[in-house]
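A.B. asks: Give me a 3D structure for the following:
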Amino acid sequence: MLPVSYLWAIRERYGKSFTDRLVAYTTKELTDNPAIGPTERFPDWFVRAVTNANFVVDNKAEKMPAIRNILNQCEWLSGEGASQKN
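C.D. replies: Below is the predicted model:
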């Protein structure tokens, strides 16, 4: 499956409004806060951006465990980034 399919899975679970806002803030986070040094892998950077965006959209971060579970299913994001705990 394509990585965007996992964003769609989040949208199916939490709805258009929440997920569209999450993606918008994730995009803002990616552009405003570049990778931490040249060694940060894109999957780690992306998951960090989603996590930070989620705090804006869902400030209690109640949805983040389920979002992480969805992202962990994505082979492209699997590994340290998608499984790290913040």
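A.B. asks: Next, name the residue at the spatial heart of the protein.
C.D. replies: In the chain, the centroid-proximal residue (C-alpha atoms, centre = their mean) is residue 50; its distance is 2.9 Å.
A.B. asks: From what I see, that residue and residue 24 are in contact.
C.D. replies: No: using C-beta atoms under 8 Å, residue 50 makes no contact with residue 24, being 11.8 Å away. Where C-beta positions appear, they are placed from N, C-alpha and C, glycine not excepted.
A.B. asks: which ones are touching residue 29?
C.D. replies: Taking C-beta atoms under 8 Å, 6 or more residues apart in numbering, we find residue 29 in contact with 48-50, 52-53.
A.B. asks: Format these as CSV; extra columns: distance to residue 30.
C.D. replies: As requested, these are exported to CSV (distance: C-beta to C-beta, whole Å):
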residue, distance to residue 30
48, 9
49, 5
50, 9
52, 10
53, 9
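A.B. asks: quick one: which of those is nearest residue 8?
C.D. replies: Residue 8 lies nearest to residue 50 out of the contacts of residue 29, by C-beta to C-beta, at 14.1 Å.
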